[in-house]
Each structure stands twice: as structure tokens, then as C-alpha cells.
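Engineer: Quick one: sequence and predicted model below, then my questions.
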Amino acid sequence: MRYSLSIGEQLLPLNEWLGRRIRLEAMGSIHCSHCGKRTKKSYSQGFCYPCMIKLARCDSCIMSPEKCHYDQGTCREPAWGEQFCMTDHIVYLANSSGLKVGITRASQIPTRWIDQGASQALPILRVATRQQSGLVEDLLRAQVADKTNWRALLRGEPEPVDMLAARDRLLDGAQAGILALQARFGLQAIQPLDAAVVDIRYPVLEYSPKPQSANLDKDPVFEGTLLGIKGQYLMLDTGVINIRKYTSYTLSVSVS
């Protein structure tokens, strides 16, 4: 797994910095990743407040896809919804801090799993729309978690899971609900997948038994020896930082 950090137009080769001392400093400037305007605070990981309340990608149905209101004609951006939500999605199982269920656009595999720091992943269903995938996820998360425990993720590798056995168990438990959704949306809308388990390894020299999260809003300088990169996190000997959180920040980065 190779990681790069995008700073302006530069791509910094993070794998080559493992074992070296790095310094991140927030320079006090945040610009919306959509409109480019300066904002005092970043909303929804990179947007100004006006963009956050008008963009479909920031609507509550992105986090809760079963609440999609596209068919009611109230989508904030119908063209965006057509492109990103009315398209095939994958319901999957992942093992990051333990077994979890998740959904993503078919085009986002395996990127989504890497983004979450999953060590194992398995696609289990192909679903016609984001809303329908959220309804299926609802059925499955009655039996298994849909969240990642970031502290457990960064303490070490999770115990291996028999992903195929877990898939069969969960689908059996949700069979009645899945049949009801197929009756509602059509048999072809929700189809099982016969896929192989994907194993993912991350560039980590050493894990921390008690990871502490850095906050550049409270302390603009974060520095230490880079021990690993996993998911959205840079792992230093002084703490960890979710770099995705600072997408729209102006940062200074140095290595020694």
C-alpha cells in the first residue's frame, strides 16, 4: 500500500517518510473545497456553511441513505443525485476494528475499504441505488456494527474473521427483509455476489496501545516520528491525526 499526501499541487511520498520526524502546522487559513471561499470553520470535512447547506453531498441522506428523498423531487442537486446515488452500490462486510457492514458505490471499491483501514473486506450484494443499499444495510446492522472504533483500528491488526461464514450468517438472518425489498423494488435491484475476500495490509512500523488524537484547531503544530499510515490516519509516536478532517486547511509540512 502506497500513500501520498496532497499539499497544493504537490504529492508528498508518505511511505518514504516512515521512521522519520515530520511536522504539520495549520497556517490559520481554511478555504471551502467546493467554492474556494475562505471560511472560519470547515463543515462536513471541507465545506463552508453555505455550501454545506445547499450541496446534496452534504445532506443528511448521505450519512443515512435510507432517508433519500430524490423520488420526492426535493433533492438539493438532482443531477448530482442522478450521477452518484442512482447508480449501482455494493453492500459489503469489512474487518477494521472488528466486523462491520457498509455500503459504497461500485466504482469506489477498493478505495472505500482502504479509506476505512479495513484489513479484510468482502462484497456481498449489488444494489441498484444508494437508498436501496441503505435499506439493506439497515437490515444487516441489526445483527452487526456499522461503525469503526478508531482507537481499536489504530491499536493493531484486528483478529481475522471468517468473512464467508459471516456473510452467510448475516444474509440468512436478513432473508425475510431482503425478499420484501426485492418484492418492492424488483428482483434484479438486489442481487447476491459470489466474491472473494480481499486482504489489505498497511505501511505500519509500530502501533500505539493508547492512541491519542491530535487537533490542529486547538494546537496548530503536530510533530513526531511517523510510525504508520492506516486509513485516514497518520500515526506518529506523539499521537495520531485524521488527515481527512483537514482537507480544506492550509498546512505546512516538513520532514527531517
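Structural biologist: Here it is on my side, so go on.

Engineer: For Asp162, give its distance to Val197.
Structural biologist: Using C-beta to C-beta, to the nearest Å, one gets 9 Å for the distance from Asp162 to Val197. Backbone N, C-alpha and C define where each C-beta goes, glycine included.

Engineer: all strands in the protein, in order from the N-terminus.
Structural biologist: 4-7, 10-13, 21-30, 89-95, 99-105, 120-127, 190-192, 198-199, 221-230, 233-236, 239-242, 249-255 (DSSP state E).

Engineer: rank these by pLDDT, which is bottom?
Structural biologist: Per-stretch mean pLDDT for the strands of the chain is lowest at strand 4-7 (a mean of 84).

Engineer: OK, contacts around Val198?
Structural biologist: Shown in contact with Val198 (C-beta atoms under 8 Å, 6 or more residues apart in numbering): 110, 113, 120-122.

Engineer: Is it bridged to anything, and to what?
Structural biologist: Per DSSP bridges, the residues bridged to Val198 are Ala121.

Engineer: just to revisit the earlier point, out of Asp162 and Val197, which sits in the busier spot?
Structural biologist: Per other C-beta atoms under 10 Å, whichever of Asp162 and Val197 has more neighbours is Val197, with 16 against 12.

Engineer: per-residue confidence at the more buried one?
Structural biologist: In the predicted model, Val197 carries a pLDDT score of 98.

Engineer: So which residues of this structure form helices?
Structural biologist: Taking DSSP state H as the test, the helices found in the chain are 49-54, 60-63, 78-84, 111-116, 130-140, 150-155, 163-173, 175-185.

Engineer: If you count contacts, what does the helix or strand bottoming out on mean pLDDT in the chain end up packed against?
Structural biologist: Within the chain, judged by mean pLDDT, DSSP states H and E, the helix or strand with the poorest mean is strand 4-7; its value is a mean of 84. Secondary structure elements in contact with strand 4-7, counted by 3 or more C-beta pairs under 8 Å, 6 or more residues apart in numbering; DSSP states H and E, are strand 10-13, strand 249-255.
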